[in-house]
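# what follows is a predicted protein model with its sequence.
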Amino acid sequence: MTEQPQAISAFPVDLTEMKKTVGGKMEVIRVLVDHVLVDFPEKMRQLRHGWAVGDAGQVRIIAHTLKSSLASFGAAEAREIARALEICGATGDMAGAEKILPQLEQEIERIVVFFSDPCWPDKG
Amino acid sequence: MKILIAEDDFISRTLLQEMLSPLGICHVAMDGQEAMAAYKQALEMKEPYDLVCLDIMMPHLNGQEVLRQIRDIEKERGIWGSDMTRIIMVTALDDAKNIMAALMKGSCDAYLVKPVDREKLLAEIKKMGLVA
């Protein structure tokens, strides 16, 4: 059976819910986006390090935190990948984590690129 | 209303503050230890928190443990019924074990899974009688 290619959303985030949460205050979202641009790459570094040293607990905690943040940004695909990675951490499945990490890195990169574009408020 | 938000993640903390600050004074704690310190200090000052929002996976002291300690203190001091602090667990953990532990063993008042929906949160707070 041929595997169907997964549909990738045009944008890696959907800010609809977040806008409702903050009552449409874009200044709040901008603060969170500034945070993301520094924090997400740092979290990926921590995840890589946790995996490299075989620290499943670290992988679980960081993936869990990322999952929560990604959900807030309506980053559905990245959230699901972070969730899978969290489960790998919780079960100590570091071989599984090795396969999932590049997928999460790719999604995080999409998000960073998206928010690095000054026009992101008109797109998300 | 006096509210304590215990949340180690900046994004979740900021969003909760945005949702809750129109309802009253919001204090924030970055982890479970800070949350317990703030809770105890508020009790000593006889200005306890009306509402505590607790994340579960926090460094130093997790939210389940904070919940247990708060309920133990209330029991020791004879704080019952409507005088008890209302506690909402706000977490990305959606497994039955954590939900049951918080609701049954810990006696939290509500359990919300992130991302938190503003309407759901406000509905829970209304149900608790903290806002009209």
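Here it is on my side, so go on.
# could you report the neighbour count for the nearest residue to A:F114 once chain neighbours are set aside?
Ranked by CB to CB, 6 or more residues apart in numbering or on different chains and with sequence neighbours excluded, the top spatial neighbour of A:F114 is A:P12, at 5.3 Å. Heads up, the C-betas are built off the backbone N, CA and C, glycines and all. Using other CB atoms under 10 Å in any protein chain shown, A:P12 has 24 neighbouring residues.
# right, and A:P12 touches A:I111 too?
Yes: under the criterion of CB atoms under 8 Å, A:P12 makes contact with A:I111 at 4.7 Å.
# who touches both of these two?
Shared contacts of A:P12 and A:I111 (CB atoms under 8 Å, 6 or more residues apart in numbering or on different chains): A:A75, A:A78.
# secondary structure class for the residue nearest to A:F114?
coil (DSSP: H, G, I helix; E, B strand; the rest coil).
# counting by contacts, list what the helix or strand of chain A with the lowest mean pLDDT packs against.
Lowest on mean pLDDT, DSSP states H and E among the helices and strands of chain A sits helix A:120-123, with a mean of 87. Using 3 or more CB pairs under 8 Å, 6 or more residues apart in numbering or on different chains; DSSP states H and E, the elements in contact with helix A:120-123 are helix A:26-52.
# show me what the helix it packs on is packed up against.
If you count contacts as 3+ CB pairs under 8 Å, 6+ apart, helix A:26-52 packs onto helix A:16-21, helix A:56-72, helix A:94-116, helix A:120-123, helix B:10-20.
# again, 10 Å this time
helix A:16-21, helix A:56-72, helix A:76-91, helix A:94-116, helix A:120-123, helix B:10-20 (3 or more CB pairs under 10 Å, 6 or more residues apart in numbering or on different chains; DSSP states H and E).
# ok, back up a step: and the least confident helix or strand of chain A, which residues are buried?
A:W120 (16 or more other CB atoms under 10 Å in any protein chain shown).
# likewise stretch B:37-51?
Buried residues in stretch B:37-51, counting neighbours by 16+ other CB under 10 Å, are found at B:A38, B:Y39, B:A42, B:L43, B:P48, B:Y49, B:D50, B:L51.
# how far out from the middle of the chain is it?
Counting by CA atoms, centre = their mean, to the nearest Å, stretch B:37-51 is centred 12 Å from the centre of its parent chain.
# tell me the mean pLDDT over that stretch?
The pLDDT scores in stretch B:37-51 average 97.
# first vs last residue of that stretch, how far apart are they?
One end of stretch B:37-51 to the other measures 15 Å (CA to CA, to the nearest Å).
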